[in-house]
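K.L.:
Sequence plus predicted model, see below.
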Amino acid sequence: MKRFLKIGCGAILGFIAITMVVAAIVESNSAPTQSIMFLNTGPELRTVTLEMVGADGKLSDGYYIHSEVACGQTLVERVPEGDYHIKVWRPDDSLAHSVDFKVALPDSTQSNYELYRFDLSADKVFALVNLNFLYEGNSFASHMSKAVGTKRERPGVAQMYDGTKPFLIEDTYSSQKFVDVHESLPHDIQYGNMVYGLFPIPGKLPEQEFENYLLKKITDKTLE
């Protein structure tokens with residue numbers, strides 16, 4: 001009888017402990033958060049970890065985020081305000097890249113869903129390009145893949161971002177029709193709308209090769 005009482009008490013205590021942990025997680029997740037998109041434009045799997053940095057400069061015990069992102073995939077995570085040490089790991093668990101990042105919400109009482117983006121390959125810059133030159137009136141120029149090579153249409157680069165750390169695309173651009181790295185181009189746009197696309201560019205690409213490389217990336221998107 002005593003044995004069963006011990007087992008019963010143990011089960012109850014275990015249930016209470018689990019409940020307290022779940023409650024703590026729910027409570028922490030109810031705090032306002034910043035959304036971050038982790039991209040992997042590299043050729044192999046990457047693992048990303050986030051450790052919170054305390055006021056004393058010491059790292060917290062354990063990871064706030066520990067996630068895998070396969071080649072060509074994206075993952076959106078939400079984190080509360082604070083200072084973080086971000087590490088990117090190769091499949092053999094060796095460190096590929098690390099960077100410090102401060103999460104500061106525009107309004108500390110509300111979550112911010114405007115995405116920060118961070119490329120786990122950590123070897124590229126990102127060009128934000130005005131793509132309106134691809135459209136004739138309101139229709140998608142399906143023949144533009146050839147025209148780009150013959151007419152030398154020149155896309156307008158609105159901004160460049162350093163992909164080795166999290167970056168935020170200004171609302172001026174993201175509030176327009178926005179084509180993310182992993183998304184296809186729209187086949188038509190409303191009159192007067194602006195279309196912007198985000199393109200990863202190798203960080204070590206010679207400057208004189210930049211335009212041709214970008215045009216090739218845009219052409220590839222028109223063929224998707």
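P.N.:
Nice, I can see it.
K.L.:
How about L115: what's its closest non-neighbour residue?
P.N.:
Distances taken as Cβ to Cβ, 6 or more residues apart in numbering put M37 closest to L115, at 4.7 Å, once the chain neighbours are dropped. Placement of C-beta: from N, CA and C, glycine included.
K.L.:
So which residue is dead centre in the chain?
P.N.:
Closest to where the C-alpha atoms of the chain average out (Cα atoms, centre = their mean) is M37, at 2.4 Å.
K.L.:
what pairs with that residue across the strands?
P.N.:
Following DSSP bridges, M37 is listed with bridge partners V76, R117.
K.L.:
That one contacts V79, correct?
P.N.:
No - M37 is not in contact with V79 according to Cβ atoms under 8 Å; the separation is 12.0 Å.
K.L.:
Overlap of the contact sets of these two?
P.N.:
Listed as contacting both M37 and V79 by Cβ atoms under 8 Å, 6 or more residues apart in numbering is no residue at all.
K.L.:
Which parts of the protein are strands?
P.N.:
33-39, 46-53, 65-69, 74-80, 82-89, 95-103, 112-119, 124-130, 135-136, 139-140, 156-162, 167-168, 177-179, 195-202 (DSSP state E).
K.L.:
Quick check: which of these is nearest to F210?
P.N.:
The closest of those to F210 is strand 195-202. By Cβ to Cβ, the value is 6.8 Å.
K.L.:
what's in contact with the closest one?
P.N.:
Residues outside strand 195-202 that contact it (Cβ under 8 Å, 6+ apart) are 41, 117, 119, 121, 123-132, 134-135, 158, 163, 169, 173, 176-181, 185-186, 189, 210, 213-214, 217-218, 221.
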